[in-house]
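Enquirer: here is a sequence together with a model predicted from it:
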Amino acid sequence: MSVVGKEFLVGPTGYTGTLAYPTSASSGVDTTKVLEQRPEMSWSREGFYTVTRRWRGHYAAVLKFSQGGATVWDADGVNFSAGGPGVDGATETAIDYDEGGSMATLSVTWHSRTATGGPGENLPGSTDVSQFSSLWQLNGNDIEKDILYCPLLVKATAAINSVASGNGNGFGARVKKAVELFQNKQNRSEGTITDYFQKKFYIAHTASGVPQHGIYYFDSSETPWTNLATYDAANSTTIRADLQTLCEDMLKGVTNFPISQFVLRNTKNTQSTSTVSFANYYTDTNKMWNTKQINYMIYLDTYDSISTGILPLIGTICTVFGNTAKWLYRTPTINQNQNGTWTVTREWWYADDYSEILYNDSTWTERSC
């Protein structure tokens, strides 16, 4: 908290550098001390405060104090480093000189969770006091998948494997190969199809046997085709009919299909004097994070000891996706802006299916939902 009326020694006995300002003996005003005034405060419905703390004294003392000349720290640890108080998380700093006089006022503004303001309170839970803002978003993300990963082929593969483990492996690829063979005028033995333009494509036998004037690729009396009926006899006809329809779509040139996924995005803006190590943001890129690790990341960035409330976004992610859902952490984008500030954008892409061979798991700390 601020200490109204507290004096800060700035003069020759408390500053080892050269004091290039008038002394109290020559000016009649004590140039070794600044006095903190009553703070100004406002707040928003979101629970954030804007706190402006002010120190007043001789212009030389005020300037020296703003440059790191105080010999003591106040209750919140305010001792401005050379280059201004931006390194203490302040969002705005100003020195106002009295017109026609030797006095001046230093004003420093923080956006804070508390009604006091001070270093480290710029955002709740921030470990970098130079951080200015942090925005978390759960957005839609449209991607295209290969036709082999369509729900029908996934279901058919699982159905076959549930009856005879391994029989369904590569089933989608075999369906795709059947289509490619027919397009290349080849039968299931890779021989040339005679009278190709008079033939119809069949993925398998029809109920009445070999289709007339047609070419088939799966034998309906053998595995893996028979496994479909064993799995779900009542719906096996529908599954087979749907596979035939899917193949006809592939013959029309359909190779991919769009799906809507999720992407979790975090955008941070830092002060121009930020000393944050950007190397930390590259930890565990191109690795799979689970929801518990995402939960811990957001928790660190949004939780503070004043308010136990955290972003509702955590509850949304935990409820919709669960603890074990996987997210691919992509390489972050780091921009240095013209005003000297930095913008860091990080993304985690939700993965409903992925290869455990191609991606390693993140080792980040977990926090269960």
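Expert: Everything's here; your move.

Enquirer: now do the strands in the stretch 251-369 of the chain.
Expert: Under the criterion DSSP state E, counting those that start in this stretch, strands of the stretch 251-369 of the chain are mapped to 256-270, 288-290, 326-329, 333-336, 342-351.

Enquirer: now mean pLDDT too, for the ones you listed, in a markdown table please.
Expert: Converted to a markdown table, the strands of the stretch 251-369 of the chain look like this (pLDDT from 0 to 100):
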| stretch | mean pLDDT |
| --- | --- |
| strand 256-270 | 89 |
| strand 288-290 | 95 |
| strand 326-329 | 95 |
| strand 333-336 | 88 |
| strand 342-351 | 92 |
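
Enquirer: using CSV, lay out those strands together with mean neighbour count.
Expert: Any C-beta I mention is one placed from the backbone N, CA and C, and that applies to glycine too. Output for the strands of the stretch 251-369 of the chain, formatted as CSV (neighbours: other Cβ atoms under 10 Å):
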stretch, mean neighbour count
strand 256-270, 16
strand 288-290, 21
strand 326-329, 22
strand 333-336, 12
strand 342-351, 18
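
Enquirer: now distance to Phe171 too, for these, in JSON lines please.
Expert: Shown next, in JSON lines, are the strands of the stretch 251-369 of the chain (distance: least, Cβ to Cβ, whole Å):
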{"stretch": "strand 256-270", "distance to Phe171": "18"}
{"stretch": "strand 288-290", "distance to Phe171": "26"}
{"stretch": "strand 326-329", "distance to Phe171": "24"}
{"stretch": "strand 333-336", "distance to Phe171": "40"}
{"stretch": "strand 342-351", "distance to Phe171": "22"}
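
Enquirer: who wins for proximity to Thr91 among these?
Expert: The closest of those to Thr91 is strand 256-270. By Cβ to Cβ, the value is 10.5 Å.

Enquirer: show me what that closest one pairs with in its sheet, parallel or antiparallel.
Expert: strand 131-146 (antiparallel), strand 342-351 (antiparallel) (DSSP bridges).

Enquirer: so which of the ones you listed comes closest to Gln198?
Expert: Per Cβ to Cβ, nearest to Gln198 of the strands paired with strand 256-270: strand 131-146, 31.6 Å.

Enquirer: can you show me the CA trace of that closest one as PDB?
Expert: The C-alpha coordinates for strand 131-146 follow below in PDB (Å, rounded to 0.1, in the frame of the first residue of the first chain):
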ATOM      1  CA  GLN A 131       3.600  -7.400 -18.500                       C
ATOM      2  CA  PHE A 132       0.900  -5.000 -19.600                       C
ATOM      3  CA  SER A 133      -1.900  -7.200 -20.700                       C
ATOM      4  CA  SER A 134      -2.700 -10.900 -21.300                       C
ATOM      5  CA  LEU A 135      -5.800 -12.000 -23.300                       C
ATOM      6  CA  TRP A 136      -7.000 -15.600 -23.500                       C
ATOM      7  CA  GLN A 137      -9.300 -16.700 -26.300                       C
ATOM      8  CA  LEU A 138     -10.900 -20.000 -27.300                       C
ATOM      9  CA  ASN A 139     -11.600 -19.600 -31.100                       C
ATOM     10  CA  GLY A 140     -12.800 -21.800 -33.900                       C
ATOM     11  CA  ASN A 141     -10.200 -23.200 -36.300                       C
ATOM     12  CA  ASP A 142     -11.200 -24.800 -39.600                       C
ATOM     13  CA  ILE A 143      -8.900 -27.400 -41.100                       C
ATOM     14  CA  GLU A 144      -9.200 -30.000 -43.800                       C
ATOM     15  CA  LYS A 145      -8.800 -33.800 -43.200                       C
ATOM     16  CA  ASP A 146      -8.000 -36.600 -45.600                       C
END
